[in-house]
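A.B. asks: need a 3D model of the following:
(chains A and B)
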2 protein chains.
Amino acid sequence: MTQLTRQYFEELDKNDQLASMREEFCLEKGLIYLDGNSLGVLPKATASHMGEVINQQWGEGLIRSWNTHQWMQKPAQLGDKIAQLVGSKEGQMLVCDTTSVNIFKLAAAAVKMRPGRAKLITEIGNFATDLYLLQGLAKLLGDQVQVVALPRDQVLGAIDQDTALVLLTHVHFKTSAMWDMDSVTQITQEKGALMMWDLSHSVGAMPINLDAINVDLAVGCTYKYLNGGPGSPAFLYVAKRHQDLFEQPLTGWLGHAKPFNFEDDYQGAKGIQQAMCGTPAVLANAALEVALNLILGVDMHLVKVKSQLMGNLFIQLIHQRCPEFEVESPQDKKQRGSHVSLTHTQGYAIMQALISRNIIGDFRAPKTLRFGFTPLYLKYVDLWDTVMALEEIMLNKSWDRAEFLHQQAVT
Amino acid sequence: MTQLTRQYFEELDKNDQLASMREEFCLEKGLIYLDGNSLGVLPKATASHMGEVINQQWGEGLIRSWNTHQWMQKPAQLGDKIAQLVGSKEGQMLVCDTTSVNIFKLAAAAVKMRPGRAKLITEIGNFATDLYLLQGLAKLLGDQVQVVALPRDQVLGAIDQDTALVLLTHVHFKTSAMWDMDSVTQITQEKGALMMWDLSHSVGAMPINLDAINVDLAVGCTYKYLNGGPGSPAFLYVAKRHQDLFEQPLTGWLGHAKPFNFEDDYQGAKGIQQAMCGTPAVLANAALEVALNLILGVDMHLVKVKSQLMGNLFIQLIHQRCPEFEVESPQDKKQRGSHVSLTHTQGYAIMQALISRNIIGDFRAPKTLRFGFTPLYLKYVDLWDTVMALEEIMLNKSWDRAEFLHQQAVT
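C.D. replies: Just a heads-up that it's a prediction; the model follows:
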């Protein structure tokens, strides 16, 4: 194993084909932001576009902007933009609601598309909202379906002829472990079940090919690697071949075939539009559109390669400099998403000490430190500087002080 | 009946205690905006606050702002602000999701709170999404419940011991007819059913007293009289006395008792928080907060009085000057919301002709022209000028020309 040096990381930055993208984002000088897997950074173009949407489109255009600025079409338009990032043809995606609400819509539709099948299979330790929404649906439907949540290594073996739906998160929010979408989708479909992927922790960081691997359903969030802004609207995907049978229960007016006829009886729109429910979040959509336009100009293959190299280098540096940490994430880049998690019993205090040095990662109880690598705006040298800071913190036990300050702050 | 004159309206403006509020809004000179019942006007303070939330809170604060700027607490904080406008004590309202999604949550919870009762009663011609969400829920639940939608005059008589829920819109989106919330709630509850009010077309224009009249459940939208911006988040209300039994099926992570513990099993939070589902729409909430702060400084009694007087004067002027129109809204101000609807077989073309004169109302098929009176930013003289323009359009049949242009545009 090569002994890594700061110069080595500087060289990587010099040769980084994505380096110029960093200029498109607002990043305070001196800040190392390793939490883009939780909340992406503000694109420089967002504020001015929002100003224009607020002042001109809303302020001056008022009600007329629903037509003149296609506010009503944005959910489909933005869905088609995300489609380009995840290998989907047009007309299969919408931007609307939250990931949670969209999971409910698609899971309920899946139950209906697989009548007589009782199991909704997911993973223990999956991002909690995925588990919770399936549980909420199962409870609402009484004995009709049940949620079967299993440890990761037992999930695939449990999929059977009684399985209606398998819901998994492509990249695990905590460990960064990445499912092989292709083979898992195939195994699921061989049993006649439907496959729903939650792409929240991979979209924008990993190439995804929904159409090519024949995925049935997908959801995901846009405020992580897509930089849509805090709480930006989520997306959903329903493969074209399912759209005729697709029926979701949140039958709001904008999923109606003719919403402005205000008919008394619901008649779902054809195609993906039926997955809409209420009025689109126009301002939030505007912020997202800027961010999507930015990432659509980027080669996702370069993004993946940089992400994987960053993860590898970070893990290597941690092994060399901070052996006190256990690496919770897969060492094999092909099984890992775009963040790396370390564990340490003093994880919370250590992360606070890092943050006080202007290096921002995050902490997930009980002992996980997460470091997100966002290829669009992170420098290789940031990794070096992060691990050096971490080494210094561990050597000087600076986290004792941080822990002390934390105790003071919360009491 | 007094013969009305422009001078009379000018006098009313001089003596209008709400007149200064108009300065708080962005209104193009010469524009008469009578569509605040559909999309409220931009408050002047919104753009700069949004700039601060985008640039400082998101751009600089990044992930830290979830705590430092209380992004996570906004749904409850904004709910408590709206509570002040609708006579609700704290801890009974949230700002989240869309009106449509919130109807589903509360209606599903209502079915659970009234087991064995099969009817969900609502009004034919209610705002379509209210009907549709009940239909979606009933379909999902199979034979458990059915939607009973009746003409307005048959609704109250149909409420019986088999009724789980009555869902009505306080002010009708088309006709502006206003239910007597107090007596309807009482009749509903006498039969043991739960009462849900959709306040979308009245909140911010009419005083409402949810607690005082013992309402069970309510929802509403914030982009009309509350001026929260296009597609701004909706609100919901669950009376304190129901919160222990309240269980809604969209069990997202933010309705969990301890969302950041990421437990595998859903355990609903206590109180109104359980009605949350996914991540709050931070940017949209920011725009709404500015608008709510503005209206909270206003005496809602003055708003009601001005709204009612405006409606009365408009109807009187229409009778005097434009007898070709039928007034679709109640003549009695106590039975009417804050907009007045006229009908005419050439309604669409007539509205286009008005809009071409910079007077903006809206049209609802097949023949309704809606004129919204928003006391915060409308002048009395605007009513006069509107009816004079309408009179001129009818005398000269200018709408023929508009119709001609419309035909050209769509073909």
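A.B. asks: please report phi then psi for the residue in the stretch 151-300 of chain A positioned nearest to chain B.
C.D. replies: As assessed by Cβ to the nearest Cβ, chain B sits closest to A:G278 within the stretch 151-300 of chain A, at 2.7 Å. C-beta: built from backbone N, CA, C; applies to glycine. Backbone torsions of A:G278, given as degrees, to the nearest 10, read phi -100, psi -170.
A.B. asks: got it, and A:T68?
C.D. replies: When read as degrees, to the nearest 10, the backbone of A:T68 gives phi -70, psi -30.
A.B. asks: any idea how far chain B is from A:P323?
C.D. replies: A:P323 sits 27 Å away from chain B, going by Cβ to the nearest Cβ, to the nearest Å.
A.B. asks: confidence score at that residue?
C.D. replies: Note on A:P323: pLDDT of 96.
A.B. asks: number of residues surrounding it?
C.D. replies: Close neighbours of A:P323, defined as other Cβ atoms under 10 Å in any protein chain shown, add up to 9.
A.B. asks: where does it land in three-state SS?
C.D. replies: Classification of A:P323 using DSSP: H, G, I helix; E, B strand; the rest coil returns coil.
A.B. asks: and the residue of the stretch 151-300 of chain A closest to chain B, what pLDDT?
C.D. replies: 98.
A.B. asks: can you get me a residue count around it?
C.D. replies: 27.
A.B. asks: which one is it nearest to, not counting chain neighbours?
C.D. replies: The shortest distance from A:G278 to any residue other than its chain neighbours is 2.7 Å, reached at B:T98 (Cβ to Cβ, 6 or more residues apart in numbering or on different chains).
A.B. asks: do A:W384 as well
C.D. replies: Nearest to A:W384 is A:F9, by Cβ to Cβ, 6+ apart, at 4.4 Å.
A.B. asks: state the mean pLDDT of the strand of greatest length in chain A.
C.D. replies: In chain A, taking DSSP state E as the definition, the longest strand is strand A:163-169. Strand A:163-169 shows a mean pLDDT of 98 in the predicted model.
A.B. asks: roughly how far is it from the heart of the chain?
C.D. replies: Relative to its parent chain, strand A:163-169 has a centroid offset of 18 Å by Cα atoms, centre = their mean, to the nearest Å.
A.B. asks: do it and chain B meet at all?
C.D. replies: No: no part of strand A:163-169 sits near chain B under the criterion Cβ under 8 Å from any Cβ of the partner chain; the closest distance found is 12.2 Å.
A.B. asks: which strands and helices sit next to that strand?
C.D. replies: Where contact means 3 or more Cβ pairs under 8 Å, 6 or more residues apart in numbering or on different chains; DSSP states H and E, strand A:163-169 is packed against helix A:99-113, strand A:119-123, helix A:128-140, helix A:181-190, strand A:194-198.
A.B. asks: kindly export that strand (C-alpha atoms) in PDB.
C.D. replies: Presented in PDB, the C-alpha positions along strand A:163-169 are these (Å, rounded to 0.1, in the frame of the first residue of the first chain):
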ATOM      1  CA  THR A 163     -44.500 -11.700  -1.800                       C
ATOM      2  CA  ALA A 164     -46.200  -8.600  -3.300                       C
ATOM      3  CA  LEU A 165     -43.400  -6.100  -3.000                       C
ATOM      4  CA  VAL A 166     -39.800  -5.800  -2.100                       C
ATOM      5  CA  LEU A 167     -38.700  -2.400  -0.900                       C
ATOM      6  CA  LEU A 168     -35.000  -1.700  -0.500                       C
ATOM      7  CA  THR A 169     -32.800   1.300  -0.300                       C
END
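A.B. asks: which outside residues touch that strand?
C.D. replies: For strand A:163-169, contacts defined as Cβ atoms under 8 Å, 6 or more residues apart in numbering or on different chains pick out A:103, A:107, A:110-111, A:113-114, A:117-123, A:126-127, A:130, A:134, A:145, A:155, A:159, A:179, A:184, A:188, A:191-198, A:200-201.
A.B. asks: pLDDT weak spots in the stretch 51-200 of chain A?
C.D. replies: Counting by pLDDT under 70, the stretch 51-200 of chain A contains no low-confidence segment.
A.B. asks: mind redoing it with 90?
C.D. replies: By pLDDT under 90, the weakly predicted segments of the stretch 51-200 of chain A are A:143.
A.B. asks: that one against chain B: which residues are in contact?
C.D. replies: Residues of the stretch 51-200 of chain A lying close to chain B (Cβ under 8 Å from any Cβ) are A:51, A:54-55, A:58-60, A:62-66, A:71, A:97-101, A:104, A:108, A:124-125, A:127-129, A:131-133, A:135-137, A:139-141, A:149, A:174.
A.B. asks: can you turn the buried part of the residues you listed into a ChimeraX selection?
C.D. replies: The buried residues among those can be selected in ChimeraX (16 or more other Cβ atoms under 10 Å in any protein chain shown) with this line:
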select /A:51,54,55,58,59,62,63,65,66,71,97,98,99,100,101,104,108,125,127,128,129,131,132,133,135,136,137,139,140,141,149,174
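A.B. asks: show me what the helix or strand hosting A:M394 is packed up against.
C.D. replies: Assigned by DSSP states H and E, A:M394 belongs to helix A:380-396. Judged by 3+ Cβ pairs under 8 Å, 6+ apart, the packing partners of helix A:380-396 are helix A:6-14, strand A:32-33, helix A:300-321, helix A:347-356, strand A:359-360.
A.B. asks: helices or strands next to the longest one in the packing?
C.D. replies: It refers to helix A:300-321. With contacts defined as 3+ Cβ pairs under 8 Å, 6+ apart, the packing partners of helix A:300-321 are strand A:326-327, strand A:339-343, helix A:380-396.
A.B. asks: ends of stretch A:371-387, how far apart?
C.D. replies: Counting by Cα to Cα, to the nearest Å, you get 11 Å between the two ends of stretch A:371-387.
A.B. asks: run the chain-centre distance for it.
C.D. replies: Distance of stretch A:371-387 from its chain centroid, counting by Cα atoms, centre = their mean, is 19 Å.
A.B. asks: in that stretch, which residues are buried?
C.D. replies: A:371-387.
A.B. asks: for stretch A:68-88, same thing?
C.D. replies: Buried residues in stretch A:68-88 (16+ other Cβ under 10 Å): A:69, A:71-72, A:74-83, A:85-86, A:88.
A.B. asks: any idea which of these is closest to A:K14?
C.D. replies: Distance to A:K14, by Cβ to Cβ, is smallest for A:L85 among those, at 27.5 Å.
A.B. asks: need the contact list for the closest one.
C.D. replies: Shown in contact with A:L85 (Cβ under 8 Å, 6+ apart): A:V203, A:G204, A:I208, A:L226, A:I295, A:L296, A:M300.
A.B. asks: any of those buried? List them.
C.D. replies: Neighbour counting by 16+ other Cβ under 10 Å classes A:V203, A:G204, A:I208, A:L226, A:I295, A:M300 among the contacts of A:L85 as buried.
A.B. asks: helix, strand or coil: sort out A:P230 for me.
C.D. replies: Following three-state DSSP, we place A:P230 in the coil state.
A.B. asks: for it, which non-adjacent residue is closest in space?
C.D. replies: Nearest in space to A:P230, with sequence neighbours left out and distances taken as Cβ to Cβ, 6+ apart, is B:V282 at 3.6 Å.
A.B. asks: I'd say the one you found and A:A281 touch.
C.D. replies: No: in this structure, B:V282 is not within contact of A:A281 by Cβ atoms under 8 Å, at 11.2 Å.
A.B. asks: neighbour count: the two, which is higher?
C.D. replies: Legend: neighbour count by other Cβ under 10 Å for B:V282 and A:A281, higher for A:A281 (30 against 25).
A.B. asks: from A:L309, how far off is the residue nearest to A:W384?
C.D. replies: Counting by Cβ to Cβ, to the nearest Å, the separation of A:F9 from A:L309 is 11 Å.
A.B. asks: more neighbours: which of the two?
C.D. replies: Neighbour count, other Cβ under 10 Å: between A:F9 and A:L309, A:F9 has more, with 20 against 17.
A.B. asks: with adjacent residues omitted, what lies nearest to A:W197?
C.D. replies: Nearest-residue entry for A:W197: A:A218, 4.5 Å, with adjacent residues in sequence omitted and distances by Cβ to Cβ, 6+ apart.
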